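Asks: Generate coordinates for the sequence data below:
(2 chains)
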There are 2 protein chains.
Amino acid sequence: MSTTPANPTPATSQAIDPEKWRSLFAPLSVIEDSLVRELAPRPPCQPVALLEAVEYAALGPGKRLRPLLAWHACEAMGTPGERSLPAGLALELVHAFSLVHDDLPAIDNDDVRRGRPTLHKHAGEPLAILAGDALLTRAFELLAFTPLDSTEPTRRLAELDAAEPALRLALLRELASATSAMVAGQVWDTCAGLPPHLAPIEQLRLIHVNKTGALIRAACRMGAMCAAPLHPGDLRLTAITAYAEAIGLMFQIVDDLLDVTQSAEHTGKRTHKDADAGKLTYPAVLGVEGSWTEVERLHTAALDALQPLLPHARSLADLAEYLSQRTR
Amino acid sequence: MSTTPANPTPATSQAIDPEKWRSLFAPLSVIEDSLVRELAPRPPCQPVALLEAVEYAALGPGKRLRPLLAWHACEAMGTPGERSLPAGLALELVHAFSLVHDDLPAIDNDDVRRGRPTLHKHAGEPLAILAGDALLTRAFELLAFTPLDSTEPTRRLAELDAAEPALRLALLRELASATSAMVAGQVWDTCAGLPPHLAPIEQLRLIHVNKTGALIRAACRMGAMCAAPLHPGDLRLTAITAYAEAIGLMFQIVDDLLDVTQSAEHTGKRTHKDADAGKLTYPAVLGVEGSWTEVERLHTAALDALQPLLPHARSLADLAEYLSQRTR
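Replies: Purely as a prediction, here's the structure:
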């Protein structure tokens, strides 16, 4: 595995050369533009305050990891990534919804998100609750209505069309199942109720396979599905899914490590909050070095899973490398 | 309009004979059983506390008005009402979600709902927020996965099937649009931001056409769509929609009147809360008598709209009469 980097640490990860990743992140400008265009219409049937709250939550500086994964998963199937935009944007809206509700005073009680006040600090708690609800609903609306064969995802259909109902339905199913799993993970993370017979490391996996992993898995699967009709048993879908499950868990372990090792100024959100809240984390269970070893193991597993999809899956491999080394 | 009752008042409405409505409410036992069965599975991939919270919110004593409307709208098209169950249950879950979030301390801060503690009083605020999210997501899952040609809505498909993708998609679109409108109505009702150039009666309409009306409209339309493929311009869909819009507004006016005139013991929720909260209500804008006159006008409009669908739409006509006279 010559592509596997040396066991990364926060110290070495600061040294990543942005130039190396240019093609990997090239889709971000199209993704960002599409997200802005998707949210730009101000229909008179919606309260301005709600539209502004939705925009604030969805358009704040973010990694856009889920649309980016969908894009590169689509390209890994040999299809231009634009085709994944409706799926990627829907996932981004679900992600934004989850952050808004997680940040609420009754849950994580966070004041800062993406370097700005959280939505309930910015617009008040009632509007934050309802804007979260609106973002979640909007994700389903977007997938249900947006033309799937277009790079203009803002164009809503005036009439019911029958374009690709099977693909839309498959995407809607992925989105619904993944969102359901994500909410379950959030409950395990914040309201406890973890099965007590599980070892701490298994409890951690249960939380994060759902809380973070489900949307990452859906991003990769939905991106691939946008490229080609895929039977559930299709080996390409199996490969993409195995990749996604590995990087999903890896992403969370790195997140936990950043919470321990980075400053709030650097990550744009409150750090050390997991330990402060007495939460189960990977560094607490495996230690910092043990957690980096697990990152490395999952990185290798992700690259192995991609073998059948090379060379098209080159960007997914690069993304796995980037995610194993990210510093925010 | 011989079916139009004399202008009802709270005094006369107490005198409704339950026997008269037996066939109208006969589907409720099937609806209730189906809802219980839909929520009964306890998959290990979901936290028990979350499943219990979802059940508490969805299975509490309720009118099941939306599934009942979907059922009778389906029968108004000449098709057995069972066919509407997936649509009706999905709408009931969205309704339950909306009540849980509306009741939260930051929004309506209600302690009692359906004669029991509200979910956040029963299970805590974090779980109430997340159970609301889960209920909303579950509604989309139910419609996306449940066999549409079956009266066994609990049977989930093991594999992606392609059964009736166009109908599923049409139903998912209705559900998403109606939920989006409902959240908008809730924002106007609780976070203000109403267009200031509108007269108070127009502001009220804007709130309630969205907050209450959208799901009632969707219930009738989705029930009819379950019965037959309906082009958006189909005159039967136009008739059902006009009926639904009339009874949706009527329902809310009666709700406002009950808030003024009934006790909390009778309605199972806090009353007089609108006036206490300084909210815009129909009795406040039109007076109690003027509100009953508006109820009567909308009742007549609903019956007029049903003319092209008689005699199959007999139950919808009876339901409009019942809703014009309900006391809780």
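Asks: could you point out which element follows the lowest-mean-pLDDT helix or strand in chain A?
Replies: Here the helix or strand of chain A ranked lowest by mean pLDDT, DSSP states H and E is helix A:10-13, holding a mean of 42. Sequence-wise, the next helix or strand downstream of helix A:10-13 (DSSP states H and E) is helix A:22-25.
Asks: How far does that next one sit from its chain's centre?
Replies: Computed by Cα atoms, centre = their mean, to the nearest Å, the chain-centroid distance of helix A:22-25 equals 18 Å.
Asks: now residue A:279, nearest residue through space, not along the chain?
Replies: Residue nearest to residue A:279 in three dimensions, not counting chain neighbours: residue A:189, with 7.2 Å by Cβ to Cβ, 6 or more residues apart in numbering or on different chains. Using the backbone N, CA and C atoms, a C-beta is placed for each residue, glycine as well.
Asks: residue boundaries of the strands in the stretch 51-200 of chain A?
Replies: With strands called from DSSP state E, counting those that start in this stretch, the stretch 51-200 of chain A shows them at A:112-113, A:116-117.
Asks: Partner strands of the first one, with direction?
Replies: Looking back up the chat, that one is strand A:112-113. Sheet pairing for strand A:112-113, assigned by DSSP bridges, gives strand A:116-117 (antiparallel).
Asks: For the strand it pairs with, the averaged confidence score.
Replies: For strand A:116-117, mean pLDDT rounds to 96.
Asks: related to what we said a few turns ago, the residue nearest to residue A:279: neighbour count?
Replies: Look at residue A:189: counted by other Cβ atoms under 10 Å in any protein chain shown, it has 24 neighbours.
Asks: quick one: it from residue A:214, how far?
Replies: 13 Å (Cβ to Cβ, to the nearest Å).
Asks: from the middle of its chain, how far away would stretch A:122-131 be?
Replies: Distance, centroid of stretch A:122-131 to centroid of chain: 22 Å (Cα atoms, centre = their mean).
Asks: Straight-line length of stretch A:76-94, end to end?
Replies: 24 Å (Cα to Cα, to the nearest Å).
Asks: low pLDDT regions in chain A?
Replies: A:1-20, A:150-163, A:263-278 (pLDDT under 70).
Asks: okay but residue A:195 is in contact with residue A:207, surely?
Replies: No: contact criterion Cβ atoms under 8 Å: residue A:195 and residue A:207 do not qualify, at 11.2 Å.
Asks: of those two, who's got more company?
Replies: Ranked by neighbour count (other Cβ under 10 Å), residue A:195 and residue A:207 place residue A:207 first, with 23 against 12.
Asks: So the more buried one sits against residue A:188, correct?
Replies: Yes: using Cβ under 8 Å, residue A:207 is in contact with residue A:188, at 4.8 Å.
Asks: Overlap in contacts, the two.
Replies: With Cβ atoms under 8 Å, 6 or more residues apart in numbering or on different chains applied, the overlap between the contact sets of residue A:207 and residue A:188 consists of residue A:194.
Asks: Tell me how far the residue nearest the centre of chain A lies from chain B.
Replies: Taking Cα atoms, centre = their mean as the criterion, residue A:66 is the residue nearest the geometric centre of chain A, at 3.9 Å. For residue A:66, the distance to chain B (Cβ to the nearest Cβ, to the nearest Å) stands at 16 Å.
Asks: residue contacts, that residue?
Replies: Counted by Cβ under 8 Å, 6+ apart, residue A:66 has contacts A:88, A:91-92, A:95, A:215-216, A:218-219.
Asks: Quick one: buried ones out of those?
Replies: Applying a neighbour-count criterion of 16 or more other Cβ atoms under 10 Å in any protein chain shown, the buried members of these are A:88, A:91-92, A:95, A:215-216, A:218-219.
Asks: Just give me how far stretch A:127-145 sits from the chain centre.
Replies: So, by Cα atoms, centre = their mean, the centroid of stretch A:127-145 is 16 Å from its chain's centroid.
Asks: Let me fix that, I meant to ask about stretch A:47-61.
Replies: Using Cα atoms, centre = their mean, the distance between the centre of stretch A:47-61 and that of its chain works out at 19 Å.
Asks: Extract the CA atoms of that stretch and return them as PDB.
Replies: Listed next in PDB are the C-alpha coordinates belonging to stretch A:47-61 (Å, rounded to 0.1, in the frame of the first residue of the first chain):
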ATOM      1  CA  PRO A  47     -41.400  33.400   6.100                       C
ATOM      2  CA  VAL A  48     -38.400  35.500   5.400                       C
ATOM      3  CA  ALA A  49     -37.000  34.800   8.900                       C
ATOM      4  CA  LEU A  50     -37.200  31.100   8.200                       C
ATOM      5  CA  LEU A  51     -35.500  31.300   4.800                       C
ATOM      6  CA  GLU A  52     -32.700  33.500   6.400                       C
ATOM      7  CA  ALA A  53     -32.300  31.000   9.200                       C
ATOM      8  CA  VAL A  54     -32.100  28.100   6.800                       C
ATOM      9  CA  GLU A  55     -29.500  30.000   4.700                       C
ATOM     10  CA  TYR A  56     -27.500  30.900   7.800                       C
ATOM     11  CA  ALA A  57     -27.300  27.200   8.800                       C
ATOM     12  CA  ALA A  58     -26.700  25.700   5.400                       C
ATOM     13  CA  LEU A  59     -24.400  28.300   3.900                       C
ATOM     14  CA  GLY A  60     -22.000  28.900   6.800                       C
ATOM     15  CA  PRO A  61     -18.400  27.900   6.100                       C
END
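Asks: Who are the contact partners of residue A:317?
Replies: Shown in contact with residue A:317 (Cβ under 8 Å, 6+ apart): A:3, A:302-303, A:306, A:310.
Asks: Identify the farthest-apart pair in those.
Replies: Using Cβ to Cβ, the pair of these lying farthest apart is A:302 and A:310, separated by 12.7 Å.
Asks: quick one on the thing from earlier: which of the contacts of residue A:66 fall within helices?
Replies: Using DSSP state H, the subset of the contacts of residue A:66 located in helices is A:88, A:91-92, A:95, A:215-216, A:218-219.
Asks: The stretch 1-150 of chain A: helices as residue ranges?
Replies: Secondary structure of the stretch 1-150 of chain A (DSSP state H, counting those that start in this stretch): helices located at A:10-13, A:22-25, A:28-39, A:48-59, A:65-76, A:85-103, A:119-123, A:125-145.
Asks: With distance to residue B:234 added, can I get those in CSV?
Replies: Converted to CSV, the helices of the stretch 1-150 of chain A look like this (distance: least, Cβ to Cβ, whole Å):
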stretch, distance to residue B:234
helix A:10-13, 60
helix A:22-25, 48
helix A:28-39, 30
helix A:48-59, 32
helix A:65-76, 36
helix A:85-103, 28
helix A:119-123, 41
helix A:125-145, 20
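Asks: now the strands of the stretch 51-200 of chain A in JSON lines, with mean neighbour count?
Replies: Below are the strands of the stretch 51-200 of chain A laid out as JSON lines (neighbours: other Cβ atoms under 10 Å in any protein chain shown):
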{"stretch": "strand A:112-113", "mean neighbour count": "20"}
{"stretch": "strand A:116-117", "mean neighbour count": "16"}
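Asks: hmm, back to that, which among the ones in helices among the contacts of residue A:66 gets closest to residue A:170?
Replies: residue A:218 (11.3 Å).
Asks: Name the nearest residue to the closest one, ignoring sequence neighbours.
Replies: residue A:178 (3.6 Å).
Asks: In contact with the one you found, which residues?
Replies: By Cβ under 8 Å, 6+ apart, the neighbours of residue A:178 are A:91, A:94, A:214-215, A:217-218.
Asks: what's the answer for residue A:50, then?
Replies: So residue A:50 contacts A:127, A:130-131, A:134, B:183-184, B:187, B:191, B:193 (Cβ under 8 Å, 6+ apart).
Asks: Correct me if wrong: the residue nearest to residue A:279 contacts residue A:256.
Replies: No: the pair residue A:189 / residue A:256 is not scored as a contact, 11.6 Å apart, by Cβ under 8 Å.
Asks: of all the strands of the stretch 51-200 of chain A, which lies closest to residue A:62?
Replies: It's strand A:112-113; of the strands of the stretch 51-200 of chain A, that one is closest to residue A:62 (Cβ to Cβ) at 9.3 Å.
Asks: how near is residue A:320 to residue A:300?
Replies: Taken as Cβ to Cβ, the span from residue A:320 to residue A:300 is 9 Å.
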